[in-house]
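In: following is a predicted model, sequence given first.
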Number of protein chains: 2
Amino acid sequence: MPVNSFDNYPMSWKPDKKSLNSPLYLSIASLLEYDILNGYLKPNTKLPPQRELADYLDINLSTITRAFKICEMKNLIYAVTGSGTFVAPNAGKAIFIVDSETNKNFIEMSVVKPLDFFNVFVAEAIKSIAEKNYLEKLLDYGQPLGIPYHRMAAKQWLQRFNMDVNVENISITSGVQNSFTLILISLFQPGDKIAVDSYTYPNFIELANMLNIQLVPIGGDVLGMLPDQLDFVCRKTNLQGIYLNPSCNNPTAVTMDINRRKDIAEVIKRHRLILMEDDTYSFLVPQDYLPVSHYVPEQFVYMHGISKSISSGMRVGFIAFANEFTDKITRGIFNINVKTSALNAEVITELINTGVADKIISQKKEVAKERNLIYQKFFKVDNPNENPLSFFRWLPLAHKYHPQQFEQEVFAQGIRVYHSYRFFVRQEEPTQFIRISLTSALNSEELNRGLSILKSFLLNKNEESNI
Amino acid sequence: MPVNSFDNYPMSWKPDKKSLNSPLYLSIASLLEYDILNGYLKPNTKLPPQRELADYLDINLSTITRAFKICEMKNLIYAVTGSGTFVAPNAGKAIFIVDSETNKNFIEMSVVKPLDFFNVFVAEAIKSIAEKNYLEKLLDYGQPLGIPYHRMAAKQWLQRFNMDVNVENISITSGVQNSFTLILISLFQPGDKIAVDSYTYPNFIELANMLNIQLVPIGGDVLGMLPDQLDFVCRKTNLQGIYLNPSCNNPTAVTMDINRRKDIAEVIKRHRLILMEDDTYSFLVPQDYLPVSHYVPEQFVYMHGISKSISSGMRVGFIAFANEFTDKITRGIFNINVKTSALNAEVITELINTGVADKIISQKKEVAKERNLIYQKFFKVDNPNENPLSFFRWLPLAHKYHPQQFEQEVFAQGIRVYHSYRFFVRQEEPTQFIRISLTSALNSEELNRGLSILKSFLLNKNEESNI
DNA sequence: CAATTTGTCGCTCAACATTTC
DNA sequence: AGAAATGTTGAGCGACAAATT
């Protein structure tokens, strides 16, 4: 191809040669960033091949590669060998999930709230602790992993979910999100790669982005992540870890059965991945399920939040981990948080030891069951592996929409749900979904009303097929 | 120099040519790492020039540069153009400060404890909160930056220290260390460079290391960091931020006067640095001091811990920040912690609003004054800019010691202090110091005893000069 | 203060791996 | 199944900048 014919050749992106200055690769990267963030390059646009851009700008191919790598680290683009480079579907958009709570005159089905009306019990626990005479002792530094009494309660609690480890392998953290931060910083490096489900919890995605840790989506089926696909990716890419959500995957609501857990564990072992198992929803699963961590005793970090099961406001979580990680995690806790407030851990310990925690859970399960029945009055649940007590539901859409616009149109009807774009890791989505929280509405009646509005909205959009 | 004469030439490090495999640069980096971590290369050893190593291994110079860069990122070595590359003084050593608390049969003067015996007041505050009827309302998600009532209390509290900002520019965090994490992750990138005092708080150093943020030490004088030196470094290196501890620098105990604060602020403005001002010790400074943040209203993050002033166990801190950073910080808080427990913030708010916090502080200042007088019975304080109420003291040593060995020898006498190696950022220390905590001993008598033991120990070492 | 030593950095080259057709 | 398209990666080159002598 003659060098001067580029004007006639349709290139999706033509950086202005004149505005390039030294260093070239940074200059190119920032031009690209600018054009993406300012909307001149739309999500999913295919960029010209690196060779073509290099020819056009009359520089070396690898200079383009470097420029692209910078933008890829910022999650603005993603590159696939053989196919090309594409603008990321979520380039520059915030996907994180945060409770807005500004004069709620709409029905909340986006954020998953943990049925906070059981907080009366927590308030009682606080009162009973306030009367204890050892209160002062809870108020000093020391014991970054938690005081033994609290860690013992954690041990007993985790045993309920078949996670049986020594007290030395347990730490109190300031909630699951804080556990994510702790583990990503302590056990991983910027540039490391972690395998995740194609649909993953947005706040994990955003945190990984902030820390420059790359997430590699692995395909799944009705039971969740496919071991073969994981193995396949591990063979060609150097992965350091894997993040799993096996009890009730957020957002798909899928529960991994025992066989799939074993199979995945095999692959994790084979490739020496660090397993980050997020088992916040273990309380919604029958008692005979063993965590994936159980099968990889030398390379797991099991993260258990009590925000969903017991109380969200206390900001307490537990982690259990393989011996190997003890030093790094201890150091990490100290450098990130110093420690978690023992007062808060004491409240949770009290709830566990007095059996109130169990009571809260069984009541939450009742409500969850009821709300799922309401959901099924409106929408079908096809996959038998979806957790019947899930706090949220994952509904496929028959058509393609503009994600944010879709959320806004729904909102205009007085309800809020999340579109799947928030959960998707790289690449374009083949099918679109919405995640519907069942536990955020104030009561069954409100949920009923919300789902009914949603259903009419979808029917208006000719979305019969999945309903 | 003939290529074959290397055997006779004294090279401080000769990697085994045979154990090199592809990729070369990684292979070299891991050989170097191995030799440093296993003690074959001692701290401060000068490595052979990169060109010489390249010649010796018969590979390209830049391949060595790359290998060295990897080790430099891990803080195993540091390179100075013109002088050479050296093994880092703290290569592979943990310097972080953690309260060990295992059967204390020694006098604690290493960790700085915050005079925890005033926790009775905090316990009372908890009791009074437990009786409030709005307790449940504190237990949900939402309001990641803190509920307005708490942020208002924070605003009033910060005003005492002349930090006057709107409520919108304030957030509750889970303590100062957590604020560091938040800000380093939210406003900086791996590879960014931050200016710090040559002697800096070890847990800040370690956290920066974990996040691959480079710290650049700036020289100082009796008033702390020198503006000219900061300016000088900014001109040649691309710095993104600066970390300061102006009220009572940890470990030097120096208080920056107003003029120095203004001068430093000028340089910060000129080079558009992000200021991280750690003002945990502002309660030990006279009321007319303005924070450095005051002079750079568009680029500051002011971090205020209450662990030292009010209560360490509650894990609550406040940050105030320039408008510009609001979005990034909000997103960061949500992705790192979700939020800080409102229960804990409520306790601190209660202490502030009832005036108990002020009472705690004035009592702590009394004790600090008394303990500093005890110190001066044993050791001189030469620099008038050292804070007379400091919780710790910084004592120069006349001779050079092996740092860890020194700490152990002192420990053998039944006391614990920290050697300056823990605080030093890169390069070898010209003079060695020890940091002596005055507030960790249980009472004046114990402190007296500890200092007396320390003094005899030092006199035995012929350390008269500074005593 | 000029020459020398020493580390830094951006760009190029070429072999390679993966995907598509 | 083989050829073409496309992204990846390690190493080399050379100009440069800073510190030392």
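Out: Received it, and whenever you're ready, just let me know what you need.

In: which residues sit against the longest helix seen in chain A?
Out: Longest helix of chain A, by residue count under DSSP state H: helix A:356-378. Applying C-beta atoms under 8 Å, 6 or more residues apart in numbering or on different chains, the contact partners of helix A:356-378 are A:114-115, A:118, A:121, A:124-125, A:157, A:283-284, A:306, A:309-311, A:348, A:350-351, A:381, A:388-391, A:393, A:436, A:438-439, A:441, A:444, A:447-448, A:451-452, A:454-455, A:467. In short, each C-beta sits where N, CA and C put it, glycine included.

In: same list, those residues, but only the ones touching chain B.
Out: Among the contacts of helix A:356-378, the residues within reach of chain B (C-beta under 8 Å from any C-beta of the partner chain) are A:114, A:311.

In: give me the domain ranges for chain A.
Out: A:3-103, A:118-357, A:364-466 (automatic domain parsing).

In: the second one and DNA strand C in contact?
Out: Right, domain A:118-357. Yes. Counting by C-beta under 7 Å from any atom of the strand, DNA strand C has neighbours in domain A:118-357: A:Lys236.

In: what's the span of that domain from first residue to last?
Out: 10 Å (C-alpha to C-alpha, to the nearest Å).

In: state the mean pLDDT of it.
Out: Throughout domain A:118-357, pLDDT has a mean value of 93.

In: buried set for stretch A:160-177?
Out: Across stretch A:160-177, burial judged by 16 or more other C-beta atoms under 10 Å in any protein chain shown covers A:161-163, A:165, A:167, A:169-177.

In: and which of these is nearest to B:Val196?
Out: Using C-beta to C-beta, A:Ser174 comes nearest to B:Val196 of those, at 26.4 Å.

In: flag every residue of the stretch 51-200 of chain A that's near chain B.
Out: Counting by C-beta under 8 Å from any C-beta, the stretch 51-200 of chain A comes close to chain B at A:94, A:96, A:98-99, A:101, A:111, A:113-114, A:116, A:119-120, A:122-123, A:126-127, A:129-131, A:135-136, A:138-144, A:174-175, A:177-178, A:181, A:185-186, A:189-190.

In: show me which residues of stretch A:389-396 are buried.
Out: The neighbour-count check on stretch A:389-396 (16+ other C-beta under 10 Å) flags A:389-395 as buried.

In: in TSV, list those residues along with distance to A:Arg151.
Out: Putting the buried residues of stretch A:389-396 into TSV (distance: C-beta to C-beta, whole Å) gives the following:
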residue	distance to A:Arg151
A:Leu389	28
A:Ser390	30
A:Phe391	28
A:Phe392	31
A:Arg393	36
A:Trp394	35
A:Leu395	41
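
In: closest one of these to B:Lys400?
Out: So of these, ranked by how close each gets to B:Lys400 (C-beta to C-beta), first place is A:Phe391, at 61.8 Å.

In: tell me the contacts of that closest one?
Out: Contact partners of A:Phe391, counting by C-beta under 8 Å, 6+ apart, are A:112, A:114, A:248, A:281, A:284, A:308, A:368, A:437-439.

In: A:Leu145 now?
Out: Residues A:151, A:170-172, A:329-330, A:333, A:339 are the ones in contact with A:Leu145 under the rule C-beta under 8 Å, 6+ apart.

In: give the helix, strand or coil label for it.
Out: Here A:Leu145 is recorded as coil under DSSP: H, G, I helix; E, B strand; the rest coil.

In: report the central residue of chain A.
Out: Nearest to the geometric centre of chain A sits A:Tyr201, at 1.9 Å (C-alpha atoms, centre = their mean).

In: if I read this right, that one contacts A:Met276, doesn't it?
Out: No. Contact criterion C-beta atoms under 8 Å: A:Tyr201 and A:Met276 do not qualify, at 11.4 Å.

In: residues from the stretch 1-150 of chain A in reach of DNA strand C?
Out: A:22-26, A:59-63, A:66, A:80-83.

In: are any of those residues buried, and which?
Out: Listed as buried from those are A:24-25, A:59, A:63, A:66; burial here means 16+ other C-beta under 10 Å.

In: now the residue of the stretch 201-350 of chain A found nearest chain B. Nearest residue, chain neighbours left out?
Out: Closest residue of the stretch 201-350 of chain A to chain B, C-beta to the nearest C-beta: A:Gly313 (3.3 Å). With C-beta to C-beta, 6 or more residues apart in numbering or on different chains as the measure, B:Leu139 is the residue that lies nearest to A:Gly313, at 3.3 Å, once sequence neighbours are left out.

In: roughly how far does the one you found sit from DNA strand C?
Out: 48 Å (C-beta to the nearest atom of the strand, to the nearest Å).

In: what's the answer for A:Asp192, then?
Out: Taking C-beta to the nearest atom of the strand, one finds A:Asp192 at 19 Å from DNA strand C.

In: quick one: that residue and A:Gln214 touch, right?
Out: Yes. Taking C-beta under 8 Å as the definition, A:Asp192 is a contact partner of A:Gln214 at 7.1 Å.

In: so which bits of stretch A:75-88 are buried?
Out: Buried residues in stretch A:75-88 (16+ other C-beta under 10 Å): A:75-78, A:85-88.

In: how far does stretch A:421-438 sit from its chain's centre?
Out: With C-alpha atoms, centre = their mean, to the nearest Å as the basis, stretch A:421-438 stands 12 Å off its chain's centre.

In: so what's the closest residue to A:Glu409 other than its chain neighbours up against?
Out: Excluding its sequence neighbours, the residue lying closest to A:Glu409 (C-beta to C-beta, 6+ apart) is A:Phe457, at 7.6 Å. By C-beta under 8 Å, 6+ apart, the contact list for A:Phe457 reads A:409-410, A:413.

In: neighbour-wise, which of these leads?
Out: Within the contacts of A:Phe457, A:Val410 tops the neighbour count with 23 neighbours, counted by other C-beta atoms under 10 Å in any protein chain shown.

In: tell me the helix or strand right after the helix or strand where A:Leu275 lies.
Out: If you go by DSSP states H and E, A:Leu275 is part of strand A:274-278. Next along the chain after strand A:274-278, taking DSSP H and E as the criterion, comes helix A:292-295.

In: any idea how far the closest residue to DNA strand C within chain A is from A:Pro49?
Out: Nearest residue of chain A to DNA strand C: A:Gly82, at 2.3 Å (C-beta to the nearest atom of the strand). As for A:Gly82, its distance to A:Pro49 is 11 Å (criterion: C-beta to C-beta, to the nearest Å).

In: equivalent analysis for A:Lys262, please.
Out: 43 Å.

In: identify the residues contacting the residue in the stretch 351-467 of chain A positioned nearest to DNA strand D.
Out: Ranked by C-beta to the nearest atom of the strand, the top residue of the stretch 351-467 of chain A for proximity to DNA strand D is A:Arg426, at 11.8 Å. Contact analysis of A:Arg426 by C-beta under 8 Å, 6+ apart lists A:78, A:88-89, A:215, A:217.

In: of these, which pair is most distant in space?
Out: Pairwise over the contacts of A:Arg426, using C-beta to C-beta, the maximum falls at A:Pro89 and A:Leu215, 13.5 Å.

In: let's verify A:Leu215: helix, strand, or coil?
Out: Secondary structure of A:Leu215, per three-state DSSP, is strand.

In: you'd agree it is up against A:Val196?
Out: Yes. The pair A:Leu215 / A:Val196 is scored as a contact, 4.9 Å apart, by C-beta under 8 Å.

In: now for those two: what residues contact both?
Out: Applying C-beta under 8 Å, 6+ apart, one finds that A:Leu215 and A:Val196 are jointly contacted by A:205, A:243, A:425.

In: with the residues you listed in mind, which one is nearest to B:Glu324?
Out: For these, the nearest to B:Glu324 is A:Ile205 (25.0 Å; C-beta to C-beta).

In: what about that closest one, neighbour count?
Out: Neighbours around A:Ile205, by other C-beta under 10 Å: 23.

In: surely it and A:Tyr421 touch.
Out: No. Contact status for A:Ile205 versus A:Tyr421: not in contact, 11.2 Å apart, counting by C-beta under 8 Å.

In: name the residues contacting each of these two.
Out: Residues within reach of A:Ile205 and of A:Tyr421 at once, by C-beta under 8 Å, 6+ apart, are A:Ile95.
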